[in-house]
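In: pasting the sequence and the predicted coordinates here, then a few questions.
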Amino acid sequence: MFGMDVGVALNYSCWDFLFTFGGLAFFLVDIALDAWAVVTFYQEKEYFSLGLLLLFLLGSSALAQVYSWLWYHYDNYETRTKVENCLNPLSLKILHVLQLGVYFRYAGVMEASVRSFISRSRDPEGVVVYLSHDLSMLRLIETFSESAPQLVLMLAIILRRGKPDPMTMLKAVGSASAIACSVTMYHRSLRSFLSDKHQQQIRSSLVYFLWNLLLIAPRLAALSLFASVLPCFVFTHFLCSWMILFFCAWRAKTTFMDSAGGEWLFRATVGLIWYFSWFNVVEGQTRYRSLLYHLYIMFDIVLLCGLWCWQVHREPPYFDITLLHAIITSVIIILLFIFGILVKGLYYTCCHPKHEVKESVSEGSPSGLEVVTFHSDTVDLTEVNGHDEDIQSDSMFRSMPSAPEPAPTQKRENKRMRKLAENFYS
C-alpha cells in the first residue's frame, strides 16, 4: 500500500488555495468562451458546426454529471461541507439532472478551501483534498470529452477556410497547453498519496506538462488536418478507434467504479481519453502497454497526415498551400510526437516516483499493513533489510515504553483516486 500517514493532518498551503481558485477562474472563462462560440456559429449560420459544438458541450456535461452523481451515490450521499448539507439525496439528484451537480461540487470545494485558508489551520480530515480529488477527475473527463474535440473542430474550420493567421494559431497552442495543464493538475492531485509528496520538486510537474503537451498537440493537429479535408470520415475514424480502445480497456479489467454499470461507463470513457492521450488504468508494469499505445497513435498520426497531404495534392483549390509545405508540416507534427515520447521517457527515468512493496509486517502486527519504499527524483531511500542488526537494535529501542500519544484524527481518503494513484505509481 502507499506510504500515506493517516494520522498526519494535511497542510492546505497558499499555493493550494491559489490553484483552487485559478481552476475555478479557468472553469468560468471556459463557460463564457463556449457561449461566445455558440453565438458566433449561430450568427454566421454555421448550423452543422453549431450542432457539433452543442453535442460536445451537452454530451460532456451529461457525462460529468453522471460520474458526479454516481460518486455521491457510492459514498451514501455523505456530506462534508455546509453547502452539501443543505440538500437531501433527492434534491442532489435533481440538481444533477439539471446539469448543475459539478457546479455544486465547485461550491463545496470553494467553501472548504476558504475556511481552511482563512483559519490558517491544517485539514485533519482531508476534506479539501478529498473534494479536490473528485473535481480533478471530473475536469480530466471534461477535458477530453469537450475541450479536445472542440479544439479539433475549431482548427478544422480555420484550416478549411484557409485563414490560419498567427493569432489564431497562438490561441490553438494556448488551448492545447490548457489541456496539458489539466492533465498535469490531475497528476499533481495523485501526488498527495505519496508519503514524500512535500519533497517533490516542481520540475517533475514541468517535465510532465511538457511531454503531455508534445504528445497531445501533434495528435490534435493531425486530427484537425484530417477533419479539414475529410470531415465526414473523421467520425468513422473516431468510432473505429474508440471501439478498439474500448476493447483494450475491457481486457484490462479495470476496477475503478463500485457498480457494474459504472465500470462499463468508465471503460467507455477510458476509450475516449485514449483517443487523445495515454491514461493508466491498471496496476502493474505498464511500460510495454504504454509503448504499444504510443506506437499505435504514431502510426495513426502518420496515416492522418498522409491522407491530408494526398487530399491537398488531389484537390489543391481547397487550400492555399503547396504539396511540399504540406509534407513539411506533416513531418514536423510527427517529429514533435516522437520528441514527446523521448521527453516522457526522460520523465519516467529521472522524475517519476516509484514504489516497491518489500514485505508484510510481522504476523504479530495489529495493522497488517505492507511496507513500501519510494524511490523518487529528490529522495534517496535506503532499502530495508529485516535482518540487519542496526535495524533490529533500533526496533528494540522503539519498543520501549513511551509517553502515550493523542489518537490521530481519522482522515477521509478518496479510494477512487487512490486506485488511480496505485496504477500510476506502480
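Out: Now that the structure is in, tell me what you want to look at. Source: prediction; values computed, not measured.

In: so, low pLDDT: which residues of the protein?
Out: Applying pLDDT under 70 to the chain flags residues 1-24, 116-117, 119-127, 163-171, 174, 192-202, 284-285, 316-320, 351-413, 425-426.

In: can you map out the strands along it?
Out: Across the chain, reading from the start of the chain, the strands by DSSP state E fall at 354-360, 370-375.

In: quick one: end-to-end length of stretch 307-324, please.
Out: End-to-end distance for stretch 307-324: 14 Å, by Cα to Cα, to the nearest Å.

In: what's it in contact with?
Out: When contacts are defined by Cβ atoms under 8 Å, 6 or more residues apart in numbering, stretch 307-324 is touched by residues L159, R160, G162, A222, L225, F226, S228, V229, L230, A326, I327, S330. For the C-beta atoms, the positions are set from N, CA and C on the backbone; glycine is no exception.

In: report the buried members of those residues.
Out: Listed as buried from the contacts of stretch 307-324 are L159, A222, L225, F226, S228, V229, A326, I327, S330; burial here means 16 or more other Cβ atoms under 10 Å.

In: which residue sits closest to the last one, ignoring its sequence neighbours?
Out: Just to be clear, that refers to S330. C305 (3.6 Å; Cβ to Cβ, 6 or more residues apart in numbering).

In: check contacts around that neighbour.
Out: Contacts for C305 (Cβ under 8 Å, 6+ apart) come out as A222, L225, F226, T329, S330, I333, I334.

In: ok, Y74 next?
Out: M257, D258, S259, G262.

In: cutoff 10 Å now
Out: Under the criterion of Cβ atoms under 10 Å, 6 or more residues apart in numbering, the contact partners of Y74 comprise M257, D258, S259, G262, K415, R416.

In: tell me the buried residues within these.
Out: A residue is treated as buried here by neighbour count (16+ other Cβ under 10 Å); on that basis the buried members of these are M257, G262, R416.

In: out of these, list just those in helices.
Out: Here DSSP state H is the test, and the buried ones among the contacts of Y74 give G262, R416 as lying in helices.

In: tally up the residues packed near L272, please.
Out: As a burial measure, the neighbour count of L272 was computed by other Cβ atoms under 10 Å and equals 21.

In: my guess is it meets W242, correct?
Out: Yes. Here L272 reaches W242: they are 6.5 Å apart, a contact under Cβ atoms under 10 Å.

In: against L151, how distant is the closest residue to P149 other than its chain neighbours?
Out: Counting by Cβ to Cβ, 6+ apart, the nearest residue to P149 once its immediate chain neighbours are dropped is F56, at 4.9 Å. Distance of F56 to L151, given as Cβ to Cβ, to the nearest Å: 10 Å.

In: between those two, which one's more packed in?
Out: A count of neighbours by other Cβ under 10 Å puts L151 above the other of F56 and L151, at 23 against 19.

In: residue contacts, the residue nearest to the more buried one when sequence neighbours are not counted?
Out: For L151, the nearest residue in space outside its immediate sequence neighbours is S175; the separation is 4.8 Å by Cβ to Cβ, 6+ apart. Applying Cβ under 10 Å, 6+ apart, we find S175 in contact with D30, L33, S147, A148, Q150, L151, M154, L155, A217, L220.

In: ok, the contacts of Y74 vs Y106, which is closest?
Out: Distance to Y106 across these (Cβ to Cβ) is lowest for R416, with 18.1 Å.

In: surely the closest one meets E263?
Out: No. Here R416 does not reach E263: they are 11.7 Å apart, not a contact under Cβ under 10 Å.

In: now list whatever residues contact both of these two.
Out: Taking Cβ under 10 Å, 6+ apart as the contact definition, R416 and E263 share the neighbouring residues F256, M257.

In: who's in contact with stretch 48-57?
Out: Defining contact as Cβ under 10 Å, 6+ apart, one finds that stretch 48-57 is touched by 31, 34-35, 37-44, 46, 142, 145-150, 152-154, 156-157, 231, 235.

In: buried subset of those residues, written for PyMOL?
Out: Typed into PyMOL, the next command selects the buried ones out of the contacts of stretch 48-57 (criterion: 16+ other Cβ under 10 Å):
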select buried, resi 34+37+41+142+145+146+147+148+149+150+152+153+154+156+157+231
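
In: from the contacts of stretch 48-57, which land in helices?
Out: Mapping the contacts of stretch 48-57 onto helices (DSSP H) picks out 31, 34-35, 37-43, 142, 148-150, 152-154, 156-157, 235.

In: what separation is there between I328 and I334?
Out: I328 sits at a distance of 11 Å from I334 (criterion: Cβ to Cβ).

In: who has more neighbours, these two?
Out: It is I334, of I328 and I334, that has more neighbours when counted by other Cβ under 10 Å, with 17 against 12.

In: dump the contacts of S175 to TSV, plus distance to R314.
Out: Formatted as TSV, these follow (distance: Cβ to Cβ, whole Å):
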residue	distance to R314
D30	37
L33	35
S147	32
A148	28
Q150	28
L151	26
M154	25
L155	21
A217	27
L220	24
